[in-house]
Structure formats: structure tokens, C-alpha cells
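Asks: Test case, fold it:
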Amino acid sequence: MSGSGVLLDHSRELTMETRVFGRTGMQLSVLGFGCGAVGGLMVRGDRRDQERTIARAIAAGVNYFDTAVQYGNGESEKNLGRILQSLKPPNMAVGTKVRLASGDFGRISDAVAKSLEGSLTRLRLDRVDIFHLHNAITETGGGEALSVRQVLEDVVPAFERLRQQGKTRFLGLTAIGDTTALHQVIDARVFDSAQVVHNMLNPSAAIALPTNYPAQDYGRLFDHTKPAGVGVIGIRVLAGGALFGSAERHQIASPPPEPIGSGKSYDADVSRASRLMPLVQERFAASLTEAATRFAISHPAMGTILVGMATPQQLEDALAAVAKGPLPPAALDRLTALRQGFVGESR
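Replies: Take a look at the predicted model:
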């Protein structure tokens, strides 16, 4: 029995695959638990649903939980901290993030330290396993984006001080921004973890995109993370919900989020996602979300993927999908053929 009186239900337990996470030595479940605001369960969900869903995830072998102060202005961290303190699961890994405002760029070290202190208080933890930089990275910076120089000369030393103080085990970044800049930062081999956009609409972290394909080309980012020993966390694996194949959203989900790395609009992503339905019609997968989840774990560079949830059932769906394993080669070939139809369209 857990400390909260929530019984961890092992009766429906599936064998969860784990993968070594880069050079960290951590063994992370291939399915991670996304505590973000898009699905909304950990920000706006019912407390009992939150508790039941996390207990179920732990019983099924999920051992990585990913949050950020931006998710519900600290609500996600508070809810995750409350539940993990109650359940006290062994061998859990927790990651959170800092997003620096442009006004903080002149005092990055102080702002980073203050952000992590607040996160640790809300999470009821002495340290996190991974602390991720959540800003976009570009070659020269500007606006809310950080330059490569700022990341390497200011952010990394600040993160390293927090590691030396025992407040984080590993350093991470969210790999959004300019492709060339992301390659430079990963090639510097100072980060242990990268959150990488990888989904059926944009597979460019893994493979070369055709010319005139309507998405950001991440330039085979996995070819950089692997030699650098950087563990990969797959993000936007459902393209913010577009890979449900429907524009309909759950009542506690966020409004459609801005696409990252794919189309210019959420509607464009939904439209293209619907054109991948032959994967379901031809029985490569039972649903588009199952196909998307299994696609995301198909590349060996992937460590763990994050699937955001609005309901406990969406966790069950994700567990069932990863239990089926990666998509078979024939499905990947069919997907490549379907994506050819997007070439030449405006992003």
C-alpha cells in the first residue's frame, strides 16, 4: 500500500521496455510521463485522476516524469510533487526546466538558480535528475532566444554550479531554435539530455527530409546526439494533439498549441495528420495515436518519449501502444510514401 492509500495496481501490468539514457547510465522507461499544459491532466485535472494516473503509470513501469515551472505557472510541479511524495516510488527520475525571460539575460546565473530553487520547493525534492534549458537557441540570439555563445558561456556554467551543489544530476536542453545552432550546442558535449521534436509529420531528427518538405529540417539531429552521448527525450510525438487526426480537444486540454517544427498552424498539422490515416486503414496500427506513439520509439537513438494526457484513458492508450513495440519496417515505408504527398506544400 502506498503512503496515500492509493493501491498500486499490478494486475494490468505490461512489461515496460527501458533504454540506457545516453551517457548518464540511467535506465529510463521508453514511455515517459509528460506533465505539460497541452494535455492538461497535471495542470487542470481532477486531483484523484492525477493520483490514479501516476500510480498506474508507476505500476506499469514508467519511471521518468517531466515537468516545468511554465506548466500552469507551477501547478504541474506542485501536483507532481504532492503525488510523488505520497507514493514514494523507488528509482524515479524527474526532470524540470527553466525558461529565461530576456530581462534575465544579464543575470543568467542568478535567474537559473532562483528558478530551480522554486521548482525544487514545489516538487518537494532536494534535487532533480535533469534540469533542462527551455529557451529556443539560435546562432545570434535575439528576443527570447539565446545565442549559442550565451548557452555555452553563461547557461552551462550556471547549470554546472547547480550540479556541483547537488541540485541536479544532469544538464539538458530543449532542442528548439535554429538547426545549425542546435547542432553546435550538442556537438559541444556539455549537455547530457536533449528534448527533441520527432513525430510522423517531421522525422528530420532521424532521416533526411525531401527538398521542399513543409517542416523545419532538424538535419538528422540524432547523428549529433549519439556520438555526443546525449540522451534523447522525444517531444511533440503527437504534434501537440494533431496526430489524434481530429481538431476536437478534451475540455481540460489547452487550446491548440503553436506547432513546433511542423506546419505553420495547428490546423495544417491536423490536415496532414488526417492524410496518414491509411496506416490505420491498412492495419499497421489500431489508431493514428498508436501509430504516432510507436513511430516515436522506432529509432534507436530515442531514449524516452513524452506523451501528454488529459485523461487516465490516454495513459492506457499510450501504455498499450508502447507494449506493441516500434512500428515494423513495412509501416515505416508506407509512412514515408504517404509523406511524399506533403512535398512542395507551403508550410
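Asks: Mind giving me the packing neighbours of the longest helix anywhere in the chain?
Replies: Looking across the chain with DSSP state H, the single longest helix is helix 108-123. Applying 3 or more CB pairs under 8 Å, 6 or more residues apart in numbering; DSSP states H and E, one finds that helix 108-123 contacts helix 75-87, strand 93-98, strand 128-133, helix 156-164. C-betas here are computed from N, CA, C, even on glycine.
Asks: Show me the one of these that comes nearest residue 194.
Replies: Proximity to residue 194, assessed across the helices and strands packed on helix 108-123 by CB to CB, is greatest for strand 128-133 (8.6 Å).
Asks: Just checking: what are the partner strands of that closest one?
Replies: Each strand that pairs with strand 128-133, with its direction, by DSSP bridges: strand 93-98 (parallel), strand 168-174 (parallel).
Asks: Flag the shaky bits of this structure, pLDDT-wise.
Replies: 1-14 (pLDDT under 70).
Asks: Which parts of it are strands?
Replies: Ranges of strands within the chain are 18-20, 27-29, 31-34, 64-66, 93-98, 128-133, 137-138, 146-147, 168-174, 193-197, 231-235, 304-308, based on DSSP state E.
Asks: Please convert those strands to CSV, extending it with distance to residue 120.
Replies: Shown next, in CSV, are these (distance: least, CB to CB, whole Å):
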stretch, distance to residue 120
strand 18-20, 26
strand 27-29, 21
strand 31-34, 19
strand 64-66, 14
strand 93-98, 8
strand 128-133, 7
strand 137-138, 25
strand 146-147, 23
strand 168-174, 9
strand 193-197, 18
strand 231-235, 20
strand 304-308, 21
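Asks: hmm, back to that, dump the helices and strands packed on helix 108-123 into JSON lines; add distance to residue 202 and mean neighbour count as well.
Replies: Shown next, in JSON lines, are the helices and strands packed on helix 108-123 (distance: least, CB to CB, whole Å; neighbours: other CB atoms under 10 Å):
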{"stretch": "helix 75-87", "distance to residue 202": "25", "mean neighbour count": "21"}
{"stretch": "strand 93-98", "distance to residue 202": "21", "mean neighbour count": "25"}
{"stretch": "strand 128-133", "distance to residue 202": "20", "mean neighbour count": "25"}
{"stretch": "helix 156-164", "distance to residue 202": "27", "mean neighbour count": "17"}
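Asks: follow-up on the earlier one: any chance of the strands paired with strand 128-133 in TSV, plus distance to residue 332?
Replies: Putting the strands paired with strand 128-133 into TSV (distance: least, CB to CB, whole Å) gives the following:
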stretch	distance to residue 332
strand 93-98	29
strand 168-174	26
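Asks: Select, out of these, the one closest to residue 288.
Replies: Among the strands paired with strand 128-133, the nearest to residue 288 by CB to CB is strand 168-174 (25.1 Å).
Asks: For the closest one, what is the distance to the chain centroid?
Replies: Remark: strand 168-174 is offset 13 Å from the chain centroid, using CA atoms, centre = their mean, to the nearest Å.
Asks: CA atoms of it as CSV?
Replies: Provided in CSV are the C-alpha atoms of strand 168-174 (Å, rounded to 0.1, in the frame of the first residue of the first chain):
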residue,chain,number,x,y,z
THR,A,168,20.6,18.4,-10.4
ARG,A,169,22.3,15.3,-11.6
PHE,A,170,22.3,16.1,-15.3
LEU,A,171,22.1,19.1,-17.7
GLY,A,172,19.6,19.2,-20.5
LEU,A,173,18.2,21.4,-23.2
THR,A,174,15.0,21.6,-25.3
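Asks: one step back: would you list the helices and strands packed on helix 108-123 in TSV and tack on distance to residue 315?
Replies: Conversion of the helices and strands packed on helix 108-123 to TSV gives the following (distance: least, CB to CB, whole Å):
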stretch	distance to residue 315
helix 75-87	14
strand 93-98	17
strand 128-133	21
helix 156-164	31
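Asks: Ok, which of the ones you listed comes nearest residue 196?
Replies: Nearest of those (CB to CB): strand 128-133, 11.6 Å.
Asks: Run the angle between that closest one and strand 193-197 for me.
Replies: Put simply, strand 128-133 runs at 60 degrees to strand 193-197, going by axes from the mean of the first three to the mean of the last three CA atoms, to 10 degrees.
Asks: how far out from the middle of the chain is strand 128-133?
Replies: Taking CA atoms, centre = their mean, one finds the center of strand 128-133 at 13 Å from the center of the full chain.
Asks: Begin at 50 from now on, thanks
Replies: Right, with 50 as the first residue, what we last looked at is strand 177-182.
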